[in-house]
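*Asks:* sharing a model that was predicted from the sequence below.
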Amino acid sequence: MAFGSFPVDVLTSVTPLDMLLPVEPFEIDFPVLRSSARHFHEDDKEYTLSLALPGVSPADLKLAVEDGMLTISGATKKDTQTYRASHRVRIPSDADPTLAKAVAENGILAITLPRRPKVTHEIAVASSNDAVRKAAEGDYVVSLPFPGVRPSDFKVVCEDSVLSIAVETNTTQQATKTVKRMRLPADADVSAATAAAEFGILTVTLPRRTIGAPEEGQNARSIQAIAITNGGAGGESPASST
């Protein structure tokens, strides 16, 4: 079943043990930049952001991604005039900053971020809650009513932290074809998730993933510097690492 034709909902947060909060329409984290000085483009392989930075030398620019936030900064002084660049943009969750490329040419900075390959995990749906482990304190639990739907009629898939619950059933009582999509919290452990459908209620349980502390000598924050190629001069000015 193709999920792309269905609307997407976002579960901004989930309260443990059966509390499902209201959802909001999905909005991509990377803003669509409408200014004539900023242009955003995306396709199946990558995201591209172009910014007009007149007067700022590529050698004075610094680009870095920290905790999903792209920072562009720099200043170039010429005679009595100082040209500055200061931008902060949240990148999409599937953008890979480790493979990012940046080219500065004639006052235009173009940044390309490849998309990471999608990771898909399908969750089998049991016919009884007794067939799966009981929810522990702190687990995320999503319970949704699906009266008349058999366990075999569900397809529960998690892709890039989005939980998709697809239903297609055709019985003498009803014919149903629908999908529900919710964004999961960052610490939800999809690989250990379980699901069961019993008495018309689908229950999906996701343990919290333990995020380990950074090892000794490592920074708690993850900062990825992006090198800048001077398209006009043909040289390269790498951004400094933090």
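*Replies:* Good, I have the coordinates.

*Asks:* which phi and psi does residue 113 have?
*Replies:* The phi and psi values for residue 113, taken as degrees, to the nearest 10, are phi -120, psi 110.

*Asks:* pretty sure residue 43 is one of the things it touches, is it not?
*Replies:* No - the pair residue 113 / residue 43 is not scored as a contact, 11.8 Å apart, by C-beta atoms under 8 Å. The C-beta positions use only the backbone N, C-alpha and C, and glycine is treated the same way.

*Asks:* where are the low-confidence patches of the chain?
*Replies:* The chain contains residues with pLDDT under 70 at 1-37, 211-222, 232-242.

*Asks:* so which bits of the helix or strand where residue 88 lies are buried?
*Replies:* Using DSSP states H and E, residue 88 maps to strand 81-90. Across strand 81-90, burial judged by 16 or more other C-beta atoms under 10 Å covers 83, 85, 89.

*Asks:* next: stretch 55-74.
*Replies:* Buried residues in stretch 55-74, defined by neighbour count with 16+ other C-beta under 10 Å: 56-58, 60-65, 70, 72-74.

*Asks:* the helices in the chain, which residues?
*Replies:* Counting by DSSP state H, the chain has no helices at all.

*Asks:* centroid residue for it?
*Replies:* In the chain, the centroid-proximal residue (C-alpha atoms, centre = their mean) is residue 93; its distance is 2.6 Å.

*Asks:* for that one, grab phi and psi.
*Replies:* The phi/psi pair for residue 93 (degrees, to the nearest 10) is phi -70, psi -20.

*Asks:* just checking, it touches residue 67?
*Replies:* No - with contact defined as C-beta under 8 Å, residue 93 does not reach residue 67; the gap is 11.6 Å.
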